[in-house]
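**Q** need the 3D shape of this:
(one chain, ligands or ions: 1)
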Amino acid sequence: MTEDSTDDSTAMQAGFDALIAGDERVEPRDWMPEGYRKTLIRQIAQHAHSEIIGMQPEGNWITRAPSLRRKAILMAKVQDEAGHGLYLYSAAETLGIDRSELLDLLHAGRQKYSSIFNYPTLTWADMGAIGWLVDGAAIVNQVPICRCSYGPYARAMVRICKEESFHQRQGFEILWTLSHGSPAQRAMAQDAVNRYWWPSLMMFGPPDTGDGASPSGHTAQSMAWGIKRFSNDELRQRFVDMTVPQAEALGLSLPDPEIRWNEERGSYDFGEIDFTELFEVVKGNGPCNAERMAHKVKAHEDGAWVREAAAAYAAKRESAVA
Ligand code: BYC
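**A** Numbering: from 1, shown residues only. Sure thing, here's the model as predicted:
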């Protein structure tokens, strides 16, 4: 390396460091360290894939929604999730990777999606539990990403968070209706909450400091880069504090006898999470991993003709303009 190029790279690193230190936005045209770019691609791709795979557990109930109104709302929610996936793939593309490459990585099992979407949706009440708990957890996790140091990701998150708020409210309303309905409806709502509570806590990822076996590995660097603003455990605690009073308002219990208000800390204590379950699900051993991936790959293959037709149309238009 010549002296000039060393000077150049030092200046570029200094420019990047100054943006981060000043809490300013890094934009696609700016120089960025390779680790920063790779971390963003990993996280944004995982986020985009989660939105797309996340359409499956709820899509499963569109034809069985209990009324026209519920069906219309659920369809709109699932469409929103498709939209979120698309904004996020576009944000990832600004980092120099193609959407088709990201999909190939997902389909080959080389990129992840959120563990939560590997659980089955057994009853209508699961639509309520997903909206209330899963979208609730997503909001807590994602609102700080609106302040992420990378501009395109932060901007995509602003709109996504607004839509997630509506999703969470509709989930709460489904559970409210069921918990104020017949004993059977109330039992169905409680069962859904019982099944979705612990997996929702796992959405925030591994603990900050575990027993050393598998603590969150990326947090410290991602926080230093302003990609993550809070640690996994900080966000998980925030979610518990937000959700416990909402459960009381719904008249439903949370399946954790250790939840109690801690006066000293000013937040709720809660029981120990079985992180071996999270690691198993992330490894591919959850109840629905195989089914979700098989469905996703088939949908992609079935859509090949649409991509071919769109590419042929674009090429024709381009040659007509030229
Ligand atoms: N599931 O060092 P860590 C939605 C992985 S969609 C699977 O803490 P990081 C919605 C992690 O990737 C919600 N994998 O990592 C849609 C890493 O593995 P790799 C999706 C998980 O990245 C439809 C390793 O464990 N939201 O809202 O600093 C309907 C170590 O973890 C999980 C997002 O994606 C998990 N739960 O932090 C309804 C938000 N947790 O990559 C709702 C954006 C951890 O080294 N993402 N891993 O192989 C994030 O905020 C962060 O990526 C995470 C993990 C907090 C998830």
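**Q** so which bits of this structure are right by the ligand?
**A** Residues of the chain lying close to the ligand (CB under 6 Å from any ligand atom) are 42-43, 46-47, 50-51, 54, 81, 112, 114-115, 134-135, 138, 141-142, 202-206, 216-219, 222, 228, 232, 282. Backbone N, C-alpha and C define where each C-beta goes, glycine included.
**Q** what's the helix or strand where residue 249 lies packed up against?
**A** Using DSSP states H and E, residue 249 maps to helix 232-250. Of the remaining helices and strands, those touching helix 232-250 by 3 or more CB pairs under 8 Å, 6 or more residues apart in numbering; DSSP states H and E are helix 135-142, helix 151-179, helix 183-202, strand 267-269.
**Q** need the ones you listed in a markdown table (columns: mean pLDDT and mean neighbour count).
**A** Shown next, in a markdown table, are the helices and strands packed on helix 232-250 (pLDDT from 0 to 100; neighbours: other CB atoms under 10 Å):
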| stretch | mean pLDDT | mean neighbour count |
| --- | --- | --- |
| helix 135-142 | 97 | 23 |
| helix 151-179 | 96 | 19 |
| helix 183-202 | 98 | 19 |
| strand 267-269 | 98 | 15 |
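**Q** nearest to residue 287, out of those?
**A** helix 183-202 (10.1 Å; CB to CB).
**Q** contacts for that closest one, please.
**A** By CB atoms under 8 Å, 6 or more residues apart in numbering, the list of residues contacting helix 183-202 from outside reads 115-116, 119, 122-126, 128-130, 133-134, 136-137, 175, 177-180, 236, 239-240, 247, 250, 252-256, 270, 273-275, 277-278, 281.
**Q** what of stretch 94-113?
**A** For stretch 94-113, using CB under 8 Å, 6+ apart, the contacting residues are 28, 37, 40-42, 44-46, 48-50, 52-54, 89-90, 92-93, 152, 282, 284, 293, 296-297, 300.
**Q** again, 6 Å this time
**A** 28, 37, 40-41, 45-46, 49-50, 53, 89, 93, 152, 297 (CB atoms under 6 Å, 6 or more residues apart in numbering).
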